[in-house]
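> predicted coordinates and the sequence they were generated for:
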Amino acid sequence: MVDLDYLAYLEDILTENRKERFLEVLKNRTNHFTIAMEDVFQLHNTSAVMRSCEVFGIQQLNVIEEKFGKRIDAEIAMGAQKWVDVNRFNSVQSCMDAMREKGYQIIATTPHNDSCLIHEFDITKQSAIFFGTEKEGLSPEVIDQADGYIKIPMVGFTESLNISVSAAIIIQDITNRLRQSNLNWQLTEEEILEKRLDWARNSIKDIKRIEERYYSNLSK
């Protein structure tokens with residue numbers, strides 16, 4: 001549960017415009033869909049996908065670090081790491097297990113013939129959309145255990161897109177359709193409070209000193 005007094009204390013430091021902007025953005029945030037990236041080697045792709053998540057309202061990004069270490073490229077992410085939750089996993093299986101425990105179906109992005117085109121994708125189910133490596137695509141582990149498949153229609157000679165481009169196209173399509181639907185896709189009240197608290201903390205430069213002062217006053 002969010003400490004409402006603490007939240008009010010922090011938000012009192014922020015400008016009214018900042019607080020209003022938080023509420024406006026949170027209206028379009030969702031956990032109905034989440035994105036998972038499997039061992040992406042090019043660091044700028046991870047950051048670019050994070051930026052797409054932030055721009056189109058996906059709150060959770062899951063990064064699998066089974067082979068390659070990751071770091072967030074701040075220049076590419078453009079500050080998105082302050083507003084998107086990044087969950088890290090040491091293996092593909094642990095990520096898929098965690099997604100299923102949260103109620104998500106596993107959807108693999110692949111150009112296979114039995115894949116569903118994005119405009120035909122069923123948005124009613126909570127889904128974790130998995131993206132693979134730049135060269136090899138998704139691992140057999142994800143392909144074999146996936147509940148469904150999705151692909152972008154292509155009419156040219158080239159049969160693949162850069163992962164960050166693919167992610168942006170898919171995320172934009174499914175989130176746009178989601179916001180136009182009657183589904184209960186928005187964050188819960190508790191989730192909104194949690195994000196307001198996180199974002200307030202991320203917006204205050206000297207947050208450690210502010211927190212110390214708050215808890216020091218409580219103990220008096």
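On my side now, so go ahead. Everything quoted here is computed from the prediction, not taken from an experiment.

> just name the shakiest helix or strand of the protein by mean pLDDT.
The helix or strand of the chain with the poorest confidence is helix 74-77; it has a mean of 62 (mean pLDDT, DSSP states H and E).

> can you list the buried residues in the top helix by length along the chain?
The single longest helix within the chain, with elements called by DSSP state H, is helix 163-179. Across helix 163-179, burial judged by 16 or more other Cβ atoms under 10 Å covers 163-164, 166-168, 170-171, 173-175, 178. Glycine gets a C-beta too; all of them are placed from N, C-alpha and C.

> and of those residues, the nearest to Glu11?
Distance to Glu11, by Cβ to Cβ, is smallest for Thr175 among these, at 27.0 Å.

> picking that back up, I'd like to check what contacts the longest helix of the chain. Which residues are they?
28, 30, 32-33, 35, 37, 40, 44-45, 48-49, 52-53, 56-58, 109, 118-119, 121, 123, 129, 131-134, 150, 152, 161, 185 (Cβ atoms under 8 Å, 6 or more residues apart in numbering).

> centre of the chain to it, how far?
Centroid separation for helix 163-179 versus its chain: 12 Å, with Cα atoms, centre = their mean, to the nearest Å.

> just the CA trace of it, in CSV.
In CSV, the C-alpha atoms belonging to helix 163-179 read as follows (Å, rounded to 0.1, in the frame of the first residue of the first chain):
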residue,chain,number,x,y,z
ILE,A,163,13.8,-5.0,-33.6
SER,A,164,13.2,-1.5,-32.4
VAL,A,165,11.3,-0.7,-35.5
SER,A,166,9.2,-3.9,-35.3
ALA,A,167,8.5,-3.2,-31.6
ALA,A,168,7.4,0.3,-32.3
ILE,A,169,5.0,-0.8,-35.1
ILE,A,170,3.4,-3.5,-33.0
ILE,A,171,3.2,-1.5,-29.8
GLN,A,172,1.6,1.4,-31.5
ASP,A,173,-1.0,-0.8,-33.3
ILE,A,174,-2.1,-2.8,-30.3
THR,A,175,-2.2,0.1,-27.8
ASN,A,176,-4.1,2.3,-30.2
ARG,A,177,-6.8,-0.4,-30.7
LEU,A,178,-6.8,-1.0,-26.9
ARG,A,179,-7.6,2.6,-26.1
